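**Student:** Any chance you can model this:
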Amino acid sequence: MANPFDLSGRVAVVVGGTSGIGRALALGFADAGADVVSVGRREALVDEVATEIESRGRRTIRMPADTNDSASLERVKDAVLREFGRVDILLCAAGITKRVPTLEMADEDWQRIMDTNITGTLRSCQVFGREMVAQRSGRVITIASLSSFVGLFEVAAYVASKSAVAGLTKALAVEWAPHNVTVNAIAPGVFRTDMNAALLESPRGQEFLTRTPMKRFGTIQELVGAAVYLASDAASFVTG
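**Tutor:** Numbering: from 1, shown residues only. The predicted structure follows:
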């Protein structure tokens, strides 16, 4: 019987795939056999991740893009279709946050976080999901959060945006299931990344630790198995 977790021959696009969770999962897809296009705003990081993908014997494309710019995502999609002919997997991993008391939050900070975390996820799903719906197959994976379900201190915009990601994921799952496109979210617990390293060293971070059954923070490599599963044939009846 074929390995249901094998991604050989699949084409994956990882938006926000040049750092943190996105980068780890992009390389995880490559290790599982997929050709991977890792997208981010900074050209140097795009090139760096592309080199790592190629070192695993996989194909890629070097193209920067911004989730706040639909035209740049369309250019990546067009290049992927020219090079590979299809898009099988989309992972939406771009995300930002800022800690600030909500009464002091500037409109521009709120908008910047919402634009990246939820509207950027929507844009990515629209651009690449359109191809999946047309070809009647695909896997979409978003990155939700512990804060999709519980409130966290002084990060109201992040909590609101990640709650919205969970809701968008469920809505698209219902809408695209008839087209054989699954849509799922990974909602990590407390994983150490560059974005939250300072928080995890603070008293708030230690409070998280006391409520974590493993009594340690996760490493982002521990998310790879979940992502590969959701991208694979093993998850063909898992959506929403």
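
**Student:** wait, doesn't K98 sit right on M114?
**Tutor:** No. Here K98 does not reach M114: they are 11.6 Å apart, not a contact under Cβ atoms under 8 Å. The way it works is simple: take the backbone N, C-alpha and C, and place the C-beta from them, glycine included.

**Student:** What ranges does this structure have for its helices?
**Tutor:** Listed in chain order, the helices of the chain (DSSP state H) span residues 20-31, 43-55, 70-84, 107-114, 120-135, 156-176, 197-200, 203-210, 224-231.

**Student:** between the first one and helix 224-231, how many degrees?
**Tutor:** Spelled out, it's helix 20-31. 70 degrees (axes from the mean of the first three to the mean of the last three Cα atoms, to 10 degrees).

**Student:** OK, contacts around the residue nearest in space to the middle of the chain?
**Tutor:** In the chain, the C-alpha nearest the mean C-alpha coordinate belongs to A93, at 2.5 Å (Cα atoms, centre = their mean). Going by Cβ atoms under 8 Å, 6 or more residues apart in numbering, A93 touches V14, V15, G16, G17, G20, I21, G22, L25, I143.

**Student:** Contacts only, for the third one.
**Tutor:** Listed by Cβ under 8 Å, 6+ apart, the contact set of G16 reads G22, V39, G40, T67, C92, A93, A94, G95, G120, I143.

**Student:** Next one: the closest residue to the fourth one other than its chain neighbours from G167, what distance?
**Tutor:** Spatial nearest neighbour of T67, chain neighbours left out: G120 (2.9 Å); criterion: Cβ to Cβ, 6 or more residues apart in numbering. With distances taken as Cβ to Cβ, to the nearest Å, G120 is found 15 Å from G167.

**Student:** For the protein, which residues score under the pLDDT cut-off?
**Tutor:** 1 (pLDDT under 70).

**Student:** follow-up on the earlier one: where does the residue nearest to the centre of the chain sit relative to V183, distance-wise?
**Tutor:** Using Cβ to Cβ, one obtains 15 Å as the distance from A93 to V183.

**Student:** about what we covered before: check whether the residue nearest to T67 really touches A65, as I assumed.
**Tutor:** No. If you go by Cβ under 8 Å, G120 and A65 don't touch, sitting 10.4 Å apart.

**Student:** can you list residues touching both of these two?
**Tutor:** Listed as contacting both G120 and A65 by Cβ under 8 Å, 6+ apart are V15.

**Student:** ok, back up a step: which one of G120 and G167 has more residues nearby?
**Tutor:** Counting neighbours by other Cβ atoms under 10 Å for G120 and for G167 shows that G120 has the greater number, 25 against 14.
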